[in-house]
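Student: Quick one, fold the following:
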Amino acid sequence: MIARTAIRGLAAALLMILTATVIAQDYPAKVIRLVVPFPPAGSTDIYSRILAKELQAAWGQNVIVDNRPGATGLIGTDLARRAAPDGYTLLFTSNTAHVLGPLLRDPRPFDAAADFTPITKVLRFPLYLVVHPSVPVRSLAELIAFGKSRPGQLIFASSGQGGASHVVAEWFNEVAGIKATHVPYKGTTPAVQAVIAGESHYIFNNIGVSHPHVLSGRLKGLAVTGEKRSPALPQVPTLLESGIRGLEDAYTWLGLLAPANLPPAILTKLSTEVTRFMRTPEMEKRILNDGYVPVANAPAQFKSEIQAEVVAWARVIRERGIKPE
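Tutor: Residues are numbered from 1 along each chain as shown. Have a look, this model is predicted:
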């Protein structure tokens, strides 16, 4: 009897392995939808389209980018969360939408790790503090002095209430002793355009989007977050170098996830393919030229990092008293 039970158990296990293998071999058999919870033209959208093009070329199936902005990424994220865990609806997002967004809602609309299947963190980048040329400063120290002398007069933009550009700016303002007014926008592109137009005075944003405007003279770059200077901007000091502590780990990441309970065979196939082309010399060069750092980590590591980040940012939001609108 014991032997029969053991044989049946072994047969069941083998059947599961064979079924998973068949699923992986057949996947993908139809169009894949890549949900992006941000408007077009931002870094998340740009890299989602690179990802979609590469997957389409590798597998011969259409991969369609579906931009679903709104509510600091909640609309698109929830759409992906509710989809079938079959690998045909994926989520390409940032920690702005995936970690910070739900932390500013009560109750939290989703669990950033448990309600999804993390596939890989594609890349990360520090935030770049840029100001409008009309602000008469040439350094971070001068901006702090200028802001302190004019309480409430400076305006800072963000890509959305509770996003990374908002939370980091609030933290910076408090440590620097600046009282400024926050104006949130619906995405990175309109927020940066607002600073270029002079509607807002400064923003913490990514290097790839902001630095071309610095080179053209439409913005001035003052500092970056992180423990050390960015390889893309070795001449730009960190906030830490100017005495602003606490933002050494303030990075934005872009990553690929799926709904919870994605079959392991499909998870492995997606993770393997994405990390393969993200680690090619051409992609690594592209990422570094954009001012970002390639990551392409394993699913388990990505999940662990998300869990740790939720704890860290929840503490920051609680301690700084940051509230949703």
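Student: Tally up the residues packed near residue 47, please.
Tutor: Residues lying near residue 47 (other C-beta atoms under 10 Å) number 25. Every C-beta, even on glycine, is put in place using the N, C-alpha and C of the backbone.
Student: What are the buried residues along the helix or strand hosting it?
Tutor: Counting by DSSP states H and E, the element that carries residue 47 is helix 43-59. Buried residues in helix 43-59, counted by 16 or more other C-beta atoms under 10 Å: 43, 44, 45, 46, 47, 48, 49, 51, 52, 54, 55, 56.
Student: Please, which helix or strand holds residue 119?
Tutor: Using DSSP H and E, residue 119 falls within strand 116-131.
Student: I'd like the distance from whichever helix or strand comes after that strand to the chain centre, please.
Tutor: Using DSSP H and E, the helix or strand that follows strand 116-131 in sequence is helix 140-149. Distance of helix 140-149 from the chain centroid (C-alpha atoms, centre = their mean, to the nearest Å) equals 29 Å.
Student: Following the chain past helix 140-149, name the next helix or strand.
Tutor: strand 154-158.
Student: Doesn't residue 272 lie inside a strand?
Tutor: No: counting by DSSP: H, G, I helix; E, B strand; the rest coil, residue 272 is not part of a strand but helix.
Student: How confident was the prediction at it?
Tutor: Note on residue 272: pLDDT of 98.
Student: With residue 42 instead?
Tutor: 81.
Student: Need the three-state assignment for the closest residue to residue 46 other than its chain neighbours.
Tutor: Closest residue to residue 46 apart from its sequence neighbours, by C-beta to C-beta, 6 or more residues apart in numbering: residue 208 at 8.0 Å. Put simply, residue 208 is helix when judged by three-state DSSP.
Student: Where does the nearest residue to residue 49 once chain neighbours are set aside sit, in terms of helix or strand?
Tutor: Leaving aside its sequence neighbours, residue 49 sits nearest to residue 65 (C-beta to C-beta, 6+ apart; 5.6 Å). For residue 65, the element it lies in under DSSP H and E is strand 63-67.
Student: Next secondary structure after that strand?
Tutor: Past strand 63-67, the next helix or strand by DSSP H and E is helix 74-81.
Student: what about the residue nearest to residue 49, neighbour count?
Tutor: Counted with other C-beta under 10 Å, residue 65 comes out at 16.
Student: Against residue 173, how distant is it?
Tutor: In this view, residue 65 and residue 173 are 35 Å apart by C-beta to C-beta, to the nearest Å.
Student: Over to residue 35?
Tutor: 33 Å.
Student: How about residue 226?
Tutor: 18 Å.
Student: for the nearest residue to residue 298 once chain neighbours are set aside, what are its contacts?
Tutor: Nearest residue to residue 298, sequence neighbours excluded (C-beta to C-beta, 6+ apart): residue 271, at 6.8 Å. By C-beta atoms under 8 Å, 6 or more residues apart in numbering, residue 271 lies in contact with 119, 120, 298, 299.
Student: Are any of those buried, and if so which?
Tutor: With neighbours counted by 16+ other C-beta under 10 Å, those contain buried members at 119, 120, 299.
Student: JSON lines please, covering those and showing distance to residue 284.
Tutor: Shown next, in JSON lines, are the buried ones among the contacts of residue 271 (distance: C-beta to C-beta, whole Å):
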{"residue": "119", "distance to residue 284": "19"}
{"residue": "120", "distance to residue 284": "14"}
{"residue": "299", "distance to residue 284": "20"}
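Student: Tell me the one among those nearest to residue 95.
Tutor: Nearest to residue 95 among the buried ones among the contacts of residue 271: residue 120, at 13.9 Å, using C-beta to C-beta.
Student: quick one: that closest one and residue 297 touch, right?
Tutor: Yes: counting by C-beta atoms under 8 Å, residue 120 does reach residue 297; the two are 5.9 Å apart.
Student: which residues do the two both contact?
Tutor: residue 275.
Student: Check which element follows the lowest-mean-pLDDT helix or strand in the chain along the chain.
Tutor: Sorting the helices and strands of the chain by mean pLDDT, DSSP states H and E puts helix 2-26 at the bottom, at a mean of 55. Downstream of helix 2-26, the first helix or strand assigned by DSSP H and E is strand 32-36.
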